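Student: 3D model of this:
(chains A, B and C)
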Amino acid sequence: MSAVVSPIREPLITGRKSYHDITEDICAPSERAPSLTWVFAFIVAVTLLGFGVFSILWTIWFGIGSWNLNRTIGWGWDITNFVWWVGIGHAGTLISAILLLFRQKWRTGVNRAAEAMTIFAVICAALFPGIHVGRMWVIFFFFPVPNTRGPLWVNFNSPLLWDLFAISTYFTVSLLFWYTGLVPDFATLRDRASGLRKKFYNFLSFGWTGSAKHWSRFESLSLILAGLATPLVLSVHTIVSFDFATSVIPGWHTTIFPPYFVAGAIFSGFAMVQTLMLITRKVLKLEDYITLQHIESMNKVILLTGTMVGVAYLTELFIAWYSGYVYEQFAFLNRAFGVYWWAYFAMMTCNVLSPQIFWFKKMRRSIFVTFVMSIFVNIGMWFERFVIIATTLARDYLPSSWSYYTPTWVEIGIYLGTFGIFFTFYLLFTRIAPVVAIAEVKSILKSSGDQYIEEHEKHYQKAIDNKVKQH
Amino acid sequence: MKQFEISSKQKSVLFGFMGVGLLCLIITFFIDDAYRPRFWSNFLINSVFFTGISFIALFILCAKFIAYSGWQTVFKRLWEAYTQFLIVGLILMAIIIVGLFGGFHHLYHWNDAASLASDTLLQGKSGFLNAGVYTVLTLGIVGVWYFFARKIRALSISEDGQTTFSRITHQKLKKWSAGFLPIGGFTSAALVWLWIMSVDAHWYSTLYAWYVTASWLVSMLALTVLLLHYFKTLGYFEYVTVDHFHDLGKYIFGFSIFWTYLWFSQFMLIWYGNVGEETIYFKTRQDLYPALFYGILIINFVLPFFILLRNDTKRKTGTMVAASVIVFIGHWLDFFLMIKPGVLHTYHEVAGGGHGHASMNADQSMTAKLISDAGAHGAEHASTFQMGFTIPGFLEFGTFLGFLGLFLYFVFIQLGKANLVPKGDPYLGESMNHHV
Amino acid sequence: METTNKSILFGLYNDEEIVLQALKEAKGQHLDVYDVVSPFPIHGLDPLLGIEESRLHIAGFCFGLVGTLTAFLGMSWIFTKDWPMIFGGKPYWSVPAFIPITFELTVLFASIGMVITYYAINGMGPGVTNPVLHDRLTDDKFAIAFDAGNASEDEINKFKAFLENTGADEIQMKTI
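Tutor: Presented below is the predicted three-dimensional model:
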């Protein structure tokens, strides 16, 4: 009983791999000594991380005055970076959860790394609400626990608190989902290891044996977690958008924010996955598992979500005019022609114009174009958040409150530090864990491996004829 | 692989529906007030509802094509048939347009010259909200949609003739589908704003177009489940199995939740900001149309959520049919509540001597004026339950039945014009052997 | 799971389709299969082994419900009874504002609850060591295993014959 696969589908695993090949290829990076590339990258990452830690300590010691936040620009690089990182984190869960529900087999090549990326991105994101409060030592005020200060409760009506719940839930569920999938792969590593390595992977693999009952429950759990994670992904960036949309500030208070932010998050998330995957597949020699088909599929998602973001921009512009509300109209004119016009221009070019290149198949399948685009998209999405936050706050209702904002070295340092955190974690991940989901890739080998294409073609017509005969 | 042919029994039933609809329309026309608000709003709601279902079928067909989705192949001819209704939709909206120019109706406040003269806000929007733009965009955009619908259908049918899977036709279909998606996405927003959002001419919401589209989508999916079940009892669509229904059930479940998410986003953000110009939309509906307002949430969220949550219910014919009927009517009621309050308000404004909304600037006393208007109207309405507006009456359901009959009749005819099974579609084998 | 001193007779296979065929054979011969071990989930395996659909989703639903009630009732009590305050002119019982947190906590409780349940019923956890039949079962080999502990000499031979006839590469006996 082979899978019935349309001959029009392209293979997702190339190189005529056997199950053992898959194990060998994907386990290899963590079983050999780190390459020079890895060591160099790690040193750079840890350096950035170090500088980030220094900047954060500086912030805590000297206070938020070491940043350039002012009246009325109370949110600057801190919240821009927060939203940017949360957005990037959305791709992982989307690939794991939503693509699982849509039965897209190509997700198996990239889901493990993308989920890992999600967790690290959320850590980077969560940093900012943590440190931007000023008095970090009373950050426990955020948590709704009974206390002796009244009892003083948190403001459940505030979207900032909804964020706390959303991000924590998102982090936890992503971690659980990611780890659940990792356990069988850790077991693979365990059974190939010896000595200390074996003890290490034994601990991590939780006693996985591969028994049929375990797999049955595993699939059940994966499906339900996917079903839970899907609305969760949508809700997290929706709640982040509520931070802005629940206000009454023109340019912020608009109902399209929730799905528009989610589309933007997926947009930037997939771009980051592309950036990471293009490098990873080359360095770790995993081109047979992260094929051009995977890259093209992700580029299609980038094109789709980029267009949705474009539709949202045009909608906002049109409705600003349509509303007849002078402040809303000014907010958008100001974005394009005001003091931060260059940020708006960068945003429009990177987010709306540049993804249009992906209408062309050749471009979708070009590694170079994909890599350049993935960087552009993330730059564009950074500017989008900056335009929404800083531009709007710089020119709100009262001209006497108009202000301007540029970041200090501390803020830039923290941002660079988050890259340090992200890449340090990612590089450690590539050493410790299999970057591609070993068991999942094996499960699609028969249906999507390139050596089975002819077989599929041969019995595809038979599969149709059999059904026709039955009726 | 049976070809479909509409039977005389089906014709009689559907003509019966249309007859009922026509009768209800005529009765409504004669018992209606001046300017016929009930008649025209019934006409508008149904035209928009069914044209939208036709549009979203085309959109989803294209989206699935681009996504390399194969499981819907065994019933995609049904969706193709939906898309052909766009030409009828064009004609229906053309009737509304004739009414615009002829002054037969006052569906749109912005079309009333007297109101326009004294209302700065409407004047500001008149560059977009005017009969000329309405005509050009309606006819132009629906025309373009229909063009794509015909082209894609023709390509799909041409695949039937191939002996082996034609990659050339497949590539062409991909290109046309890819082309339609952004066009459909952008243009549908414009039409939603013109047709539906401008009924409440002083209000706006950037999310509105997406919200309406989600409503169309769930309606289209629900109708598909009902029709496929019906056709299977007659022996058609024999390759559609319980696994296909399971997936359709998942779609209805998922998109009902998505619709609810959009509903909630729109509602909560407006509630939270508490800006009078925006909250008036929901306040009117909560205070004057409570049965519909809360009913719609229960029918379109609570019921499908709990009915379709479990795996086994999506595989049972009875439950799926019940859930589909519920959400189909539920989303029709959604369109009802989108349009009726605005039409009634406009009618009161215009018929009440055109005192309208006196000159207002957004930053002046509009809020106070609107609230006092609403207050005044509220006092009127509190004692005046308006049949056909506050809740749909028999005439509304009869009219709905008529339009449904029209839609189904057209779809049935279109179904007969092609093989039900797309023989040349490269995903056919996958779809026939679909297992969930 | 501690070692239970079970005696397991198993055969190693190279391909999951052979395993599925073999299991149909086993069903026909009324052989009581102890377990099937594989490096990835095999589709179509569960009905052949009589494995029923997992009831994890029920656990998930219950945990989720607890989350929903905790969040909604908690916030309602806190904001109406314990420490009511006026925020932005909103009513004390501001239901729309409660929805996001209610949703998040539902998902959180459901997920954590289900995952802990999953590991508990699987007998897994951090540092837990379960007996492994063969190192390559997480690589590219599949195993059909029989419980030879209480089996008679005859039955064991039947098992061995079955494993040989259905194409097992290796046959081993292991105590776990």
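
Student: The helix or strand harbouring B:L181 near chain A at all?
Tutor: Element membership for B:L181 (DSSP states H and E) is helix B:167-195. Yes: judged by C-beta under 8 Å from any C-beta of the partner chain, helix B:167-195 and chain A are in contact via B:167, B:170, B:178, B:181-182, B:185-186, B:189, B:193. Bear in mind the C-beta positions are built from the backbone N, C-alpha and C, glycine included.

Student: Mind listing what's buried along whichever helix or strand comes after that helix?
Tutor: Once helix B:167-195 ends, the next helix or strand along the chain (criterion: DSSP H and E) is helix B:208-233. By neighbour count on 16 or more other C-beta atoms under 10 Å in any protein chain shown, the buried set for helix B:208-233 is B:208-225, B:227-229, B:231.

Student: Tell me the gap between helix B:208-233 and the middle of its chain.
Tutor: Computed by C-alpha atoms, centre = their mean, to the nearest Å, the chain-centroid distance of helix B:208-233 equals 10 Å.

Student: Student question: in chain B, what's the helix or strand with minimum average pLDDT?
Tutor: helix B:366-383 (a mean of 50; mean pLDDT, DSSP states H and E).

Student: Now A:W162: closest residue in space, sequence neighbours ignored.
Tutor: Computed as C-beta to C-beta, 6 or more residues apart in numbering or on different chains, the closest residue to A:W162 that is not its neighbour in sequence is C:P100, at 4.2 Å.

Student: same for the helix or strand harbouring that neighbour, what does it pack against?
Tutor: Following DSSP H and E, one finds C:P100 within helix C:95-122. Helix C:95-122 is packed against helix A:159-192, helix A:212-245, helix B:242-273, helix C:56-77, with contacts defined by 3 or more C-beta pairs under 8 Å, 6 or more residues apart in numbering or on different chains; DSSP states H and E.

Student: can I get these in a markdown table with mean pLDDT, mean neighbour count and distance to A:I88?
Tutor: A markdown table is the format used below for these (pLDDT from 0 to 100; neighbours: other C-beta atoms under 10 Å in any protein chain shown; distance: least, C-beta to C-beta, whole Å):
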| stretch | mean pLDDT | mean neighbour count | distance to A:I88 |
| --- | --- | --- | --- |
| helix A:159-192 | 96 | 22 | 13 |
| helix A:212-245 | 95 | 23 | 11 |
| helix B:242-273 | 96 | 21 | 22 |
| helix C:56-77 | 96 | 18 | 27 |
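
Student: how much space between the residue of chain C found nearest chain B and C:S76?
Tutor: Nearest residue of chain C to chain B: C:P96, at 4.5 Å (C-beta to the nearest C-beta). In this view, C:P96 and C:S76 are 13 Å apart by C-beta to C-beta, to the nearest Å.

Student: show me what contacts B:L25?
Tutor: Counting by C-beta atoms under 8 Å, 6 or more residues apart in numbering or on different chains, B:L25 makes contact with B:39, B:42-43, B:399, B:402.

Student: top of those by neighbour count?
Tutor: B:N42 (31 neighbours; other C-beta atoms under 10 Å in any protein chain shown).

Student: hmm, back to that, could you dump the contacts of B:L25 to TSV with secondary structure and pLDDT?
Tutor: Output for these, formatted as TSV (DSSP: H, G, I helix; E, B strand; the rest coil; pLDDT from 0 to 100):
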residue	secondary structure	pLDDT
B:F39	helix	95
B:N42	helix	96
B:F43	helix	97
B:T399	helix	97
B:G402	helix	97
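
Student: Name the nearest of those relative to chain C.
Tutor: B:N42 (31.8 Å).

Student: Check the gap between the closest one and B:V411 for me.
Tutor: 21 Å.

Student: Pick out the residue in the stretch 251-400 of chain B sitting closest to chain C.
Tutor: Minimum separation of the stretch 251-400 of chain B from chain C (C-beta to the nearest C-beta) falls at B:M268, amounting to 4.5 Å.

Student: returning to what we had before: out of the helices and strands packed on helix C:95-122, which gets nearest to B:L58?
Tutor: When the helices and strands packed on helix C:95-122 are compared by C-beta to C-beta, helix B:242-273 sits nearest B:L58, at 16.4 Å.

Student: and the residue lying closest to B:L194 once chain neighbours are set aside, which of the three is it?
Tutor: Excluding the flanking residues, the one nearest B:L194 by C-beta to C-beta, 6+ apart is B:Y134, at 5.6 Å. Per DSSP: H, G, I helix; E, B strand; the rest coil, the local secondary structure of B:Y134 is helix.

Student: Surely B:Y134 and B:I97 touch.
Tutor: Yes: assessed by C-beta atoms under 8 Å, B:Y134 is found in contact with B:I97 at 6.5 Å.

Student: which one of these two has more residues nearby?
Tutor: B:Y134 (23 against 16).

Student: How about the contacts made by that one?
Tutor: B:Y134 is in contact with B:97, B:100, B:108, B:194, counting by C-beta under 8 Å, 6+ apart.

Student: Which of the residues you listed has the largest number of neighbours?
Tutor: B:Y108 (25 neighbours).

Student: what's near enough to touch it?
Tutor: With C-beta under 8 Å, 6+ apart, B:Y108 has these contacts: B:100, B:129, B:134, B:198-199, B:201, B:346.

Student: what's the answer for A:A226, then?
Tutor: Contacts for A:A226 (C-beta under 8 Å, 6+ apart) come out as A:96-98, A:100-101, A:177.

Student: how many other residues sit next to B:K172?
Tutor: Look at B:K172: counted by other C-beta under 10 Å, it has 16 neighbours.

Student: Pull up the residues of chain C that are close to chain B.
Tutor: Going by C-beta under 8 Å from any C-beta, the residues of chain C near chain B are C:57, C:61, C:88-90, C:96-97, C:99.

Student: isn't A:W153 right next to C:W77, touching?
Tutor: No: contact criterion C-beta under 8 Å: A:W153 and C:W77 do not qualify, at 10.3 Å.
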